[in-house]
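**Q** pasting the structure only:
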C-alpha cells in the first residue's frame, strides 16, 4: 500500500515543558538551601544524620541538571525516565525520617521538598490527567508512610498535590484537542484555497476553450457539431470535478507519544489497504455532463473503497441503460444522499420508461444486465436496488449501500 506521510508538529506544549524545566531547577536549589539553612522547631540543625541528606541532595542536584534535556519535549520525556524520576522523588520522601528523626513528629519538609511536584507535573504534561493521578497517588502514599501518623496538614498537602496535578493534566488534554482541531482547520483552509486557485486557472484556460469549441462546433454543424457536443460534456464534467474536489486525505491524530502531532496519510487509490475509504463523489463526478446532472452533498461521502467502486459501477450500468433504452438525447439525474447508516444514490431519466414485464422477459431471454450489473453488485455489498418505471414517465433506480461493509462477500459479475 503506497502512502505519503506529512507530519505537522504544533508548539502549544513547548511553553509547558520550558516552565517545567525552570521549576525543576528552582525547586532543586530551594531543597538544597532549605537543608543548609533550615532549622527545626527548637532552632537546632534539622538532621541527626546529615550524611544521608547530603548524599541524597547531591544526587538530586546531579540528577536534575543531567536530565534537563529529558524535559524539553514530550518526545524526549520517555516513560522510562518518568518512572525513574518518580522513584527519585519517592526515595527522597522515604529517606527523610532516616536523616531527620523529628520529621514524623512535626510537619516539616521532606528532603526533596516541593521538587517532588515537578515529577508529578511531568506525568501530567506527558500523558494527561490519568497519568497525573497515577503519579500523585504514589507520592501521596509515600508522604503518609513517611509521616507515620499523618496529621490534618499532611492530608491537606496530599490532596492539594493530587487535585492540582489532575487539573493540570486535564488542561493539557484540552489544549491538545484544541491544537488538533486547529491543525485540521488550517489544512482544510489551505486545501480550499489551493482548489480555488486551480479552479480560477482552469476557468481562465481549459473551460473557456471547451466552451468556445462547443459554440463554434454547434454553429458550423456536421461533424464539428458532434465535436462541440463532446466538448460541452467535458466542460460540465471538468467543472463538476473542480467544484467538488478530490478525495480528502485520511487524517490521523496522535497525542502524548510524540507531543502534539497531526499526521496526514494519503492512501493510494490504486492499491487501497484494509479499512481504506473513498469519497464516492470523486467516482461519480466523471458521469456529469450536458445530459447528466449530478447533485451531491457538500461534504465527502465516505465509503469503504470496494463498496464505493461497486456502487459507482452500478451507477454506470444504470446510465448505460439510459443511453441504450431512453436514447442519446435523454436527460439523466444522479442524486447522492449521505444518511447516517447508508448511502443512497438515485438515477432517474426522462425516457419512455420500461414497459410492464419487460425486465422479467429480458431475464428469461438471458439478458441479465440489470440483474447482475446493478442488483447483483448491491446484493453482494449488503445493499438493495429498486427500479421504478412508469411508461411514458421515465425510469428511476434507487441504490442503497450500508456504510459498514460485510465481513465476507463475493464479487458480482458484470454484464452489459
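**A** Here it is on my side, so go on. As the structure is a prediction and not an experimental result, all values here were calculated from the model.
**Q** tell me the phi and psi of residue 388?
**A** Main-chain torsions, residue 388, degrees, to the nearest 10: phi -120, psi 130.
**Q** Hmm, it is touching residue 395, no?
**A** Yes: with contacts counted by CB atoms under 8 Å, residue 388 reaches residue 395, the gap being 7.3 Å. All C-beta spots, glycine's among them, are computed from the backbone N, C-alpha and C.
**Q** low pLDDT regions in the protein?
**A** Residue ranges of the chain with pLDDT under 70: 1-12, 38-46, 101-107, 199-204, 207, 237-275, 355-373, 405-416.
**Q** could you pull out the helices for it?
**A** Secondary structure of the chain by DSSP state H: the helices cover 14-37, 50-66, 79-99, 115-127, 129-147, 152-202, 208-220, 223-244, 280-284, 305-321, 358-364, 377-380.
**Q** Which one's more surrounded, residue 388 and residue 395?
**A** Comparing residue 388 with residue 395 by other CB atoms under 10 Å, the one with more neighbours is residue 395, at 24 against 14.
**Q** beta partners for the more buried one?
**A** As for beta bridges, residue 395 partners with residue 389 under DSSP bridges.
**Q** Residue 346 is in contact with that one, correct?
**A** No: using CB under 8 Å as the test, residue 395 is too far from residue 346 to be in contact (11.1 Å).
**Q** For stretch 311-322, buried residues please.
**A** The neighbour-count check on stretch 311-322 (16 or more other CB atoms under 10 Å) flags 311, 312, 313, 314, 315, 316, 317, 318, 319, 321, 322 as buried.
**Q** what sits up against that stretch?
**A** Here stretch 311-322 makes contact (CB atoms under 8 Å, 6 or more residues apart in numbering) with 280, 283-284, 287, 292, 303, 330, 332, 334, 343, 345, 347, 349, 351, 369-370, 373-374, 377-378, 381, 383, 385, 395, 397, 399, 401, 414, 416.
**Q** Farthest pair within the buried residues of stretch 311-322?
**A** Maximum pairwise distance among the buried residues of stretch 311-322 (CB to CB): 16.9 Å, between 311 and 322.
**Q** Let me see the contact set for residue 290.
**A** Contacts of residue 290 were listed using CB under 8 Å, 6+ apart, and they are 229, 232, 233, 236.
**Q** can you rerun that using 6 Å?
**A** By CB atoms under 6 Å, 6 or more residues apart in numbering, the contact list for residue 290 reads 232, 233, 236.
**Q** Just to check, the second one is in contact with residue 288?
**A** No: with contact taken as CB atoms under 6 Å, residue 233 and residue 288 are classed as non-touching, separated by 8.7 Å.
**Q** Tell me which of those two has more neighbours.
**A** Neighbour tally, residue 233 and residue 288, criterion other CB under 10 Å: the higher count belongs to residue 288, 23 against 17.
**Q** wait, isn't the more buried one in contact with residue 294?
**A** Yes: Residue 288 is in contact with residue 294 according to CB under 6 Å; the separation is 4.1 Å.
**Q** and stretch 169-181, which residues are buried?
**A** Those would be 169, 172, 173, 175, 176, 179, 180, for stretch 169-181 by 16+ other CB under 10 Å.
**Q** will you turn those residues into TSV that also has distance to residue 186?
**A** Listed next are the buried residues of stretch 169-181 as TSV, based on distance: CB to CB, whole Å:
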residue	distance to residue 186
169	26
172	21
173	21
175	16
176	16
179	11
180	11
